[in-house]
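J.: sequence unknown, structure follows:
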């Protein structure tokens, strides 16, 4: 046994997820081989589909961008000590706000108008998740349950409104709100570059992660929030207003999810309808947990998820594998990424033989065999 | 379906000949085609084995795969989001697809329209959407079937089999296509006993297995003894109804395997007919068929074989109606017809043909249906 060196922690940050992913790919290869297909071809297609060329990158990035925002809806309350899983509800209500606002008055059909719609989306999402935070702080309601149930209520409200009072009479067989005016929609960042039709949602998602990272890592307020998350009683003892900080974290998280809904409407769907209920909010929960509620880690993890989606698409088309096969890979990846945490602080301090004996055999962590 | 499965060179030449192209040019394009097969992409919103909407497509696609000179790429469980745009782009850019079949209704606007504008030389054939001349581009189109005809036949059989005279219909949303099926089913049953009622429960979305089971149980508790449905995957409803000892008429594909003792018959799609028209046009360079529709007569829909428990009298009446439908001499929606609030929705003397666009905006439930549109 050697003593830990300062660089160990940094190296582990990188090495653990990489090893876990490699282990997941190995397990997935075995799975594909057992299904009677070539694992080598599957690995090659996974890479090609997710990151093989410009289109694959666009595909992965585009799929990743809403996940960054919905992951923040879990990560920020998570750092304040809450397990909030109501991002889906905030997303659909954000989408509804974006689609409904132009029905009340006519916003300028330009970037300012779009910004106004997105602000409405963010505010709606913020209010919805803040409600779960407030219920917990002042009424003692478990926030995991309340945010989940509020999510169901939000979806029911959304469907009722879209298919009832706000339904565009022209949308016969797919009930939707009237479409947004052309000028209010969000377009591609740089359509003629390598980014292709990747829309501004990516930039907004990255910016949100960056701001959240700066807030948590470099501001007094963010530090106070992390203290509340670490030990709310201790935080109160040193005079921090825990209630305010918790509700703030929920509101900002909810704003991110609401924003994601607004962007989906303005950049992709052009109107609000049931197609928006696609589980982006729920996938955000996984992204956040894999990123350990760390805003700096969310973009790469979201990109990985986007990559899984893009690669799964190609795997189906080329190898006739069922859609569920990419879920198997995702499953291996999560379990191993989370299990690899057991090795944190020990990866370099143990001799390899000792390490394998101690970590792999009794604990059955397959991901580190190689 | 089987007669289309054996697509061969002789048929192809015959078709080309009918177009007025000479044999020589046919031979030439055959060669060109042998070098570069047409790649067609099929996209499903749910799993290919859902015993329902998606399976109906996937079963026909399995036949298309057997044709010479065509390469098929498929993707299932593609949501109606940006993901389907990326799938279409991927099929075009990565697999070289020149013809795409986005089969879910929600893929049309805005997803398929966005891709059609981006790739003007690719053909898009959407299932269910209403392609409109002058509004939508020429490289897009929609195909659909008048499955209400098969639902009417379901109703005739259900009318014979029901003892309580109460039928149940589990549906997703009160949209025109669904209302039309509920009405046709009810009218079919009322042609047997005019006092039959159909109780409808809307679950709110296309795939809600838990709610579908609850709805079926609740209807069974109310004394309903024959069920049908309009949801993406009828599996749960068929199994629940069978477990409750009730009869069921299927929808989309055949669910007979799931409940052989409860399954009377079913309204099924026969997408092969539409696929063949659209694929043949793409292969021979004919203009893209933009508006493809048909019913029993055109071979777009069919019925599942009758279950052993369906008596001779019921079969005879249903086959009589089917024969009239095949001749084109049977109209489901004709005046005077009242809705279930007592309002006259089709005036006396007015007869709607299946192709009439008024039927595509149906927003009422006919008299005898218990439920609200």
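T.: On my side now, so go ahead. Computed from a prediction, not measured in an experiment: that's the story for all the values here. Numbering: from 1, shown residues only, chains lettered A, B, ... in the order given.

J.: Provide a list of residue ranges in the chain with pLDDT below threshold.
T.: Just going to use chain A. In the prediction, chain A carries residues with pLDDT under 70 at positions A:1-4, A:350-370.

J.: To clarify, I was referring to chain B.
T.: Along chain B, the parts satisfying pLDDT under 70 run over B:1-35, B:129.

J.: how about the helices in it?
T.: Taking DSSP state H, the helices of chain B run over residues B:2-5, B:9-18, B:23-35, B:53-64, B:82-93, B:113-118, B:148-161, B:176-190, B:209-221, B:235-243, B:272-284, B:312-327.

J.: Of all residues in the stretch 251-373 of chain B, which one is closest to chain A?
T.: Checking the stretch 251-373 of chain B residue by residue against chain A with Cβ to the nearest Cβ singles out residue B:361 as nearest, at 6.0 Å. Any C-beta I mention is one placed from the backbone N, CA and C, and that applies to glycine too.

J.: ok, which residues in the stretch 51-200 of chain A are in contact with chain B?
T.: Within the stretch 51-200 of chain A, the positions adjacent to chain B are A:55, A:59, A:62-63, A:159, A:163, A:172-175, A:179, A:197 by Cβ under 8 Å from any Cβ of the partner chain.

J.: Could you dump these into a markdown table and include neighbour count and secondary structure?
T.: As requested, these are exported to a markdown table (neighbours: other Cβ atoms under 10 Å in any protein chain shown; DSSP: H, G, I helix; E, B strand; the rest coil):
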| residue | neighbour count | secondary structure |
| --- | --- | --- |
| A:55 | 18 | helix |
| A:59 | 33 | helix |
| A:62 | 26 | helix |
| A:63 | 25 | helix |
| A:159 | 19 | helix |
| A:163 | 20 | helix |
| A:172 | 16 | coil |
| A:173 | 17 | coil |
| A:174 | 22 | coil |
| A:175 | 21 | coil |
| A:179 | 20 | coil |
| A:197 | 18 | coil |
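
J.: Most widely separated two among those residues?
T.: Based on Cβ to Cβ, the longest span within those runs between A:55 and A:163 and measures 35.4 Å.

J.: Which parts of the stretch 1-150 of chain A are helices?
T.: Using DSSP state H, counting those that start in this stretch, the helices of the stretch 1-150 of chain A run over residues A:6-34, A:39-51, A:54-79, A:87-104, A:111-139, A:143-163.

J.: And chain B, split by domain according to the record?
T.: Domain assignment for chain B, taken from automatic domain parsing, gives B:2-146+B:270-294, B:148-268+B:303-370.

J.: Can I get the ones you listed in a markdown table including distance to residue A:267?
T.: Written out in a markdown table, the entries for the domains of chain B read as follows (distance: least, Cβ to Cβ, whole Å):
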| stretch | distance to residue A:267 |
| --- | --- |
| domain B:2-146+B:270-294 | 8 |
| domain B:148-268+B:303-370 | 24 |
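
J.: number of nearby residues for residue 318?
T.: Picking chain A for this. A count of neighbours around residue A:318, defined by other Cβ atoms under 10 Å in any protein chain shown, yields 17.

J.: um, chain B though
T.: The criterion is other Cβ under 10 Å. On that basis, residue B:318 has 25 neighbouring residues.

J.: If we ignore the residues flanking it in sequence, what's nearest it?
T.: Take residue B:318 and drop its neighbours on the chain: the residue closest to it by Cβ to Cβ, 6 or more residues apart in numbering or on different chains is residue B:156, 4.5 Å away.

J.: Distance check, that neighbour against chain A.
T.: Using Cβ to the nearest Cβ, to the nearest Å, we find residue B:156 at a distance of 26 Å from chain A.

J.: now swap in residue B:149 and tell me
T.: Residue B:149 sits 18 Å away from chain A when distances are taken as Cβ to the nearest Cβ.

J.: can you count the residues close to that residue?
T.: Other residues near residue B:149 number 27, with proximity taken as other Cβ under 10 Å.

J.: again, but for residue A:296
T.: Should you count by other Cβ under 10 Å, residue A:296 turns out to have 14 residues around it.

J.: From residue B:256, how far out is it?
T.: Residue A:296 sits 56 Å away from residue B:256, going by Cβ to Cβ, to the nearest Å.

J.: Residue A:264 now?
T.: Counting by Cβ to Cβ - residue A:264 and residue B:256 are separated by 40 Å.

J.: So for those two, which residue has more residues nearby?
T.: Neighbour tally, residue A:264 and residue B:256, criterion other Cβ under 10 Å: the higher count belongs to residue A:264, 29 against 19.

J.: Contact partners for residue A:274?
T.: By Cβ atoms under 8 Å, 6 or more residues apart in numbering or on different chains, the residues touching residue A:274 are A:159, A:162-163, A:175, B:106, B:205.

J.: rerun that using 7 Å as the cut-off
T.: Remark: with contacts taken as Cβ atoms under 7 Å, 6 or more residues apart in numbering or on different chains, residue A:274 is in contact with A:159, A:162, B:205.

J.: would a markdown table of those with distance to residue B:288 be doable?
T.: A markdown table is the format used below for the contacts of residue A:274 (distance: Cβ to Cβ, whole Å):
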| residue | distance to residue B:288 |
| --- | --- |
| A:159 | 35 |
| A:162 | 32 |
| B:205 | 32 |
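
J.: Just the closest of these to residue A:340, please.
T.: Closest approach between the contacts of residue A:274 and residue A:340, by Cβ to Cβ: residue B:205, at 38.2 Å.

J.: how deep is the closest one tucked in, by neighbour count?
T.: 15.

J.: And it, how close does it get to residue B:248?
T.: According to Cβ to Cβ, residue B:205 stands 21 Å off from residue B:248.
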